[in-house]
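Undergrad: Sequence first, then the predicted structure, then my questions.
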Amino acid sequence: MVFNKFLKTFLALLLFGIDLFSFLLTPSTAYPVFAQQSYSNPRAANGKLACANCHLNQKTIEIESPQAVLPNSIFEIILKVPYDLTKKQIGANGKTADLNVGGIVILPKGFKLAPKSQISNEIKIKNKGVFISPYSTDLDNILVVGPISGKSHQELIFPIVSPNPEDRSDIKYLTYPIYVGGNRGRGQVYPTGEKSNLNIFGATHAGQVSEITTSNNGDRNINITTLNGQKISQLIPAGLNLIVKAGDFVKVEQALNLDPNVGGFGQEETEIVLQSPSRIMGYLGFCTLVLLTQILLILKKKQFEKVQAAELNF
């Protein structure tokens, strides 16, 4: 009885501690979890990946993957997210910070993340600090990673295990597409539709900038006096560089700050062949047969030439 009471008290304190710790954590401002919560499938019918809805700038990425793989084999898909390491982004608190990167790989059905026991030590070392997870329990062929530091992870390595059609009737020896997306930096839009502080903010009204004040947290209030004398206050998040000053006249939607976004999202696709070992053996057998046939023809030709030479000597 006493033990049960102690156990209940301990669990209650433990839950309270977890809640308190979660409350004290700084909220995350991007990331695959947004897409996982909002989209059951991250790839739309038109091919657009969900990440592009928040990361509006288009940037390039590179993919490295084998052209063909055998069943139950381990291979790597390398996603390269290059960017200028000297560039900084503005964090949610308005302070400058290094860019982070993230990626998503949509594999064919049956392909999934390789078990840790089958991953080589070399890949484990390269992927130190990188946590790759399935998009959901139902879609284990879709893998996401990030956000992680971009300085040390401009190459994201996904160790993959291929399925065996002999064990699954729904898997065939065919050519399959692979869709890959990668981003660097924070997004410009939150899933709720609100803008982040990585945007150009335009004037909501036309008029003259009468005053610009700065709050304690660094936010700027731009006071605009409209043509009919109405005073409008517009908030600009901290960290942005203003391009207007008191006394300037502005038009509706005229930019009030420089574009702070240095990141962006890119997506590419490639193909991979799930190759049958029997096809390879058959192809090798065919090549061997052709080679032997050519050798026999050459030997026969040499033999025929010797016979002709002997007849000419007589």
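TA: On my side now, so go ahead.
Undergrad: For the residue most central in space within the chain, list each beta-bridge partner.
TA: The residue lying closest to the centre of the chain (CA atoms, centre = their mean) is Gly103, at 1.5 Å. Using DSSP bridges, the bridge partners assigned to Gly103 are Val145, Gly182.
Undergrad: quick one, what contacts it?
TA: Taking CB atoms under 8 Å, 6 or more residues apart in numbering as the criterion, Gly103 is in contact with Leu79, Val81, Val144, Val145, Gly146, Leu156, Phe158, Val180, Gly181, Gly182, Asn183. (Each C-beta comes from the backbone N, C-alpha and C, glycine too.)
Undergrad: Could you give the number of residues near the fifth one?
TA: As a burial measure, the neighbour count of Gly146 was computed by other CB atoms under 10 Å and equals 24.
Undergrad: Verify the stated contact: it with Val81.
TA: No: shown here, Gly146 and Val81 do not form a contact pair, counting by CB atoms under 8 Å, at 9.4 Å.
Undergrad: list residues touching both of the two?
TA: Common contact partners of Gly146 and Val81 (CB under 8 Å, 6+ apart): Val101, Gly103, Leu156, Asn183.
Undergrad: got a winner among these for most neighbours?
TA: Tallying neighbours with other CB under 10 Å puts Asn183 at the head of the shared contacts of Gly146 and Val81, with 32 neighbours.
Undergrad: In contact with that residue, which residues?
TA: Contacts for Asn183 (CB under 8 Å, 6+ apart) come out as Cys51, His55, Lys59, Val81, Val101, Gly102, Gly103, Gly146, Gly263, Gly264, Phe265, Gly266.
Undergrad: so the first one, which of the three states?
TA: Three-state assignment for Cys51 (DSSP: H, G, I helix; E, B strand; the rest coil): helix.
Undergrad: What is the lowest-pLDDT residue among the contacts of Gly103?
TA: Of all the contacts of Gly103, Gly146 carries the smallest pLDDT score, 83.
Undergrad: State the number of residues packed around the closest residue to that one other than its chain neighbours.
TA: Computed as CB to CB, 6 or more residues apart in numbering, the closest residue to Gly146 that is not its neighbour in sequence is Gly102, at 2.5 Å. By other CB under 10 Å, the residues close to Gly102 number 26.
Undergrad: How about Thr270?
TA: 15.
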